[in-house]
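Undergrad: fold the following for me, if possible:
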Amino acid sequence: MTSDRAHAYGRVVKALGELYLRDDEKATVREAADALLFTEDLDSDDEARASLARLRELADDLVDGDRVAPDAAGSLLADVEDCGPLAAPVASA
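TA: This is a model prediction of the structure:
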């Protein structure tokens with residue numbers, strides 16, 4: 001783990017305190033951030049990729065339901081992705 005990844009995780013935790021998410025939604029964000037933080041190779045980590053896919057789907061649902069602004073969802077996705085070994089491109093939210 002690098003300090004950049006640790007800082008990204010801190011931003012995710014801060015965002016969780018600022019966004020109005022249900023407990024299950026917060027768990028989805030945490031699971032993705034944890035999975036990316038502790039993986040060394042996203043390409044070979046099926047669980048980390050699946051967690052990230054669930055988060056992207058959640059972000060789309062939150063934006064589509066007008067519960068989270070697109071820029072906030074994009075920032076959250078970027079921060080979670082930055083927890084990983086290589087930043088993956090942010091999916092549009």
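Undergrad: from here on, contacts and neighbour counts on C-alpha atoms
TA: Will do.
Undergrad: how many residues are close by V29?
TA: Per other C-alpha atoms under 10 Å, the neighbour tally for V29 reads 27.
Undergrad: thinking it is in contact with L55, fair?
TA: Yes - with contact defined as C-alpha atoms under 8 Å, V29 reaches L55; the gap is 6.1 Å.
Undergrad: once you drop chain neighbours, what's closest to the spatially most central residue of the chain?
TA: For the chain, the residue nearest the mean C-alpha position is V80 (3.3 Å; C-alpha atoms, centre = their mean). Nearest non-adjacent residue to V80, counting by C-alpha to C-alpha, 6 or more residues apart in numbering: A33, 5.1 Å away.
Undergrad: list the buried ones in stretch 67-78?
TA: V68, P70, A73, G74, S75, L76, L77, A78 (16 or more other C-alpha atoms under 10 Å).
Undergrad: can you give me the buried ones in the helix or strand hosting V13?
TA: Of the helices and strands defined by DSSP states H and E, V13 is found in helix 3-18. Neighbour counts using 16+ other C-alpha under 10 Å place R5, A8, Y9, G10, R11, V12, V13, A15, L16 of helix 3-18 among the buried residues.
Undergrad: nearest to S44 among those residues?
TA: Lowest distance from S44 to those (C-alpha to C-alpha) belongs to R5, with 18.6 Å.
Undergrad: follow-up on the earlier one: just checking, next helix/strand downstream of the helix holding V13?
TA: The helix or strand immediately downstream of helix 3-18 is helix 23-37, counting by DSSP H and E.
Undergrad: tilt between that following helix and helix 3-18?
TA: Angle of helix 23-37 versus helix 3-18, following axes from the mean of the first three to the mean of the last three C-alpha atoms, to 10 degrees, is 180 degrees.
Undergrad: which elements pack onto helix 23-37?
TA: Here helix 23-37 touches helix 3-18, helix 46-64, helix 70-82, going by 3 or more C-alpha pairs under 8 Å, 6 or more residues apart in numbering; DSSP states H and E.
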